[in-house]
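Undergrad: Task: produce atomic coordinates for the following.
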Amino acid sequence: MAIPSFVDRVKLTVQAGNGGHGCASVRREKFKPLGGPDGGNGGRGGSVTFRVDEAVTTLVEYHRQSVRRATNGQPGKGDNQHGANGEDIVLTVPPGTLITDAETGTVLADLTAEGEEFVAAAGGHGGLGNAALASSSRKAPGFALLGEEGEERLLQLELKVVADVGLVGFPSAGKSSLVAAISRARPKIADYPFTTLVPNLGVVVAGDVTYTVADVPGLIEGASMGKGLGFDFLRHIERCQAIVHVIDLGTYEPGRDPVADLEVIEAELAAHGGLEDRVRLVALNKMDLPDAPVLAEMARAELEKHGHRVFEISTKTGEGLNELKFTMAKIVEARRASLPEPVEERPVLRPKAVGRVAKEPEFTIVKKGDGEGGFLWRVRGTKPERWIRQTDFNNPEAVGYLADRLNRLGVENELLRIGARPGDAVAIGGEDAVVFDFAPQVDIGAEILSRRGEDARLEEERPAVTRRRRIDAEYHARKAAEDEE
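TA: Residues are numbered from 1 along each chain as shown. So this is what the prediction gives:
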């Protein structure tokens, strides 16, 4: 099946790049036995950003390729070499694109202005290398932090045409002909219903005022309930500042007359909702037909009772077009003048406060029922959950560093305060939580005599440390024996 050239609604999966892992490395150089750690940091993963481009008019590109991925950050290396950042990808969209979360329906961004941007999926942070983790108490860390995964989202992109005036009416009322007559747009025009299958935009110049007109595909009774094409395209007039009813004076369908057509279209607009405050005009089209002037004269009084100004036009002869064009220009100009002047603000960086500065708890602990070895306690918080993702649980020293961070944050003391017992199962995170058996280093109130990394969970020494201590012991024993001789 052929892909249409105009697409105004698509679902798109965006995947940001993962952060690169940090490197655990020690400097090895002749005559420098204590070279120290020199592992570099991992690179940041690439992000996925949407940007408005007025040259783009459709979302068809994302209909063809519905998954977009940014590249991953590179891992760090020895000799303090940091990994390269992943490459960001920028996806261009037309003005009027509404971005929502396809799973929750939450509106994430409404992009209308040229150059406006929205970061849909942020790249993961790179992990720190052991050079960045060195401190006065941990001079040569034997571990590094892992890079974080990039965000992944399923989005729905919905295009709502940005136009000043929207033309609505029954099929074959002459909406496309009106756009072609008052602008340089050349939409498809034919003598059968539903010729227009996509919205057509035209730029109209009336004196000093320039504005855009959108021709919405024909509406019929029940369009708001999904009949015809109107259900898919009614949203394109939501951003219009004025609505022009284009009414066909040449129809011979039973039950059709100018007043009935207006009432049907108004009922569909009311059912769609959100258009009550728009200025309405009525354009009686095809005045060049023989019986059109008589029909227009009969319908004018009834149409004006609805409070709408009525124009008699002919897109074939040009009758009444200038008056209609300049009236629309006055309405657009008045609506623009009523809007507040855009104030160009200087960019000010205001980082979002977290934790104690924001007067919010940095973590929460709740009791979730029985778990293995006792009650299950669940710890939630931005910091603890990020630290869990950064930890290599195959490295005991990295686990000790995690315990150090959690203790400084106050997690262990809070667990003891609310009644957690040694052996209780403690989960940190949500559905993909990591579960520990609670093994506090000290009781509440006891004096801590050792560094945080030296607890019972790290009693198993690394082979290199054991071998070095054995060699040192043999050396000192040999020296002692030589001194005795």
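Undergrad: C-alpha only now, for contacts and for neighbours.
TA: Will do.
Undergrad: So the residue nearest to E276 when sequence neighbours are not counted: helix, strand or coil?
TA: Nearest residue to E276 in three dimensions, chain neighbours excluded: A270, at 7.2 Å (C-alpha to C-alpha, 6 or more residues apart in numbering). Per DSSP: H, G, I helix; E, B strand; the rest coil, the local secondary structure of A270 is helix.
Undergrad: ok, now V332?
TA: Classified using three-state DSSP, V332 is helix.
Undergrad: still on that earlier bit, report how many residues lie close to the residue nearest to E276.
TA: A270 has 13 neighbouring residues, counting by other C-alpha atoms under 10 Å.
Undergrad: what do you get for the one 4 residues further on?
TA: Burial of G274 is recorded as 12 neighbouring residues (other C-alpha under 10 Å).
Undergrad: Over to V379?
TA: Using other C-alpha under 10 Å, the number of residues around V379 comes to 21.
Undergrad: part of a helix, is it?
TA: No: counting by three-state DSSP, V379 is located in no helix; its state is strand.
Undergrad: Might one say that it is in contact with A425?
TA: No: using C-alpha atoms under 8 Å, V379 is not in contact with A425; the gap is 11.0 Å.
Undergrad: hey, what's in contact with both of those two?
TA: The contact sets of V379 and A425 do not overlap (C-alpha atoms under 8 Å, 6 or more residues apart in numbering).
Undergrad: Can you pull the phi/psi pair for P258?
TA: Note on P258: its backbone torsions stand at phi -60, psi -40 [degrees, to the nearest 10].
Undergrad: got the contact list for it?
TA: Residues counted as contacts of P258 (C-alpha under 8 Å, 6+ apart) are I247, D248, L249, L284, A299.
Undergrad: Tell me where the model's unsure across the stretch 1-150 of the chain.
TA: 1-6 (pLDDT under 70).
Undergrad: Kindly report the same for the stretch 301-450 of the chain.
TA: In the stretch 301-450 of the chain (pLDDT under 70), the answer is 342-360, 369-375, 441-450.
Undergrad: and the residue minimising distance to the centre of the chain, helix, strand or coil?
TA: Against the mean C-alpha coordinate of the chain, by C-alpha atoms, centre = their mean, the closest residue is A120 at 3.2 Å. Using three-state DSSP, the structure places A120 in strand.
Undergrad: Equivalent analysis for L284, please.
TA: Strictly by three-state DSSP, L284 counts as strand.
Undergrad: ok, which stretches of the stretch 101-250 of the chain are helices?
TA: Here the stretch 101-250 of the chain has its helices, by DSSP state H, counting those that start in this stretch, at 130-133, 175-182, 230-233.
Undergrad: Can I get those in CSV including mean neighbour count and distance to S66?
TA: CSV is the format used below for these (neighbours: other C-alpha atoms under 10 Å; distance: least, C-alpha to C-alpha, whole Å):
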stretch, mean neighbour count, distance to S66
helix 130-133, 24, 39
helix 175-182, 24, 32
helix 230-233, 20, 20
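Undergrad: Format those as CSV; extra columns: distance to L157.
TA: As requested, the helices of the stretch 101-250 of the chain are exported to CSV (distance: least, C-alpha to C-alpha, whole Å):
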stretch, distance to L157
helix 130-133, 41
helix 175-182, 26
helix 230-233, 14
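Undergrad: Least reliable of those helices by average pLDDT, please.
TA: When the helices of the stretch 101-250 of the chain are compared by mean pLDDT, helix 230-233 comes last with a mean of 59.
Undergrad: Tell me the buried residues in stretch 266-278?
TA: Within stretch 266-278, the residues scored as buried using 16 or more other C-alpha atoms under 10 Å are E266, A267, E268, L269, H272, L275, R278.
Undergrad: Next, the second one: secondary structure please.
TA: Assigned with three-state DSSP, A267 falls in the helix class.
Undergrad: buried sites along stretch 278-290?
TA: Residues R278, V279, R280, L281, V282, A283, L284, N285, K286, M287, D288 are the ones in stretch 278-290 that count as buried (16+ other C-alpha under 10 Å).
Undergrad: ok, longest helix in the protein?
TA: Across the chain, the longest stretch assigned as helix under DSSP state H is helix 463-484.
Undergrad: Need the contact partners of it.
TA: Contacts for helix 463-484 (C-alpha under 8 Å, 6+ apart): none.
Undergrad: Identify the structural domains in this structure and state their residue ranges.
TA: According to automatic domain parsing, the chain comprises the domains 1-159, 165-338, 364-466.
Undergrad: and the last one, how far apart are its ends?
TA: For domain 364-466, the separation between the terminal residues is 40 Å (C-alpha to C-alpha, to the nearest Å).
Undergrad: go on, the second one?
TA: Between the opening and closing residues of domain 165-338 we find a distance of 16 Å, counting by C-alpha to C-alpha.
Undergrad: Could you tell me how far that domain lies from the centre of the chain?
TA: Centroid displacement of domain 165-338 relative to its chain, using C-alpha atoms, centre = their mean, to the nearest Å, is 35 Å.
Undergrad: and of the helices of the stretch 101-250 of the chain, who's closest to E362?
TA: Taking C-alpha to C-alpha, helix 130-133 is the member of these nearest to E362, at 22.0 Å.
Undergrad: got a list of contacts for the closest one?
TA: For helix 130-133, the surrounding residues in contact (C-alpha under 8 Å, 6+ apart) are 22-25, 36-41, 80, 140-145.
Undergrad: Give me the pLDDT for K286.
TA: If you check K286, the pLDDT there is 86.
Undergrad: Am I right that it is in contact with G318?
TA: No: at 10.0 Å, K286 and G318 do not qualify as touching, with contact defined as C-alpha under 8 Å.
Undergrad: Can you tell me the number of residues neighbouring Q15?
TA: 24.
Undergrad: give me every residue that touches it.
TA: Shown in contact with Q15 (C-alpha under 8 Å, 6+ apart): V48, V67, R68, R69, A70, A121, G150, E151, E152, R153.
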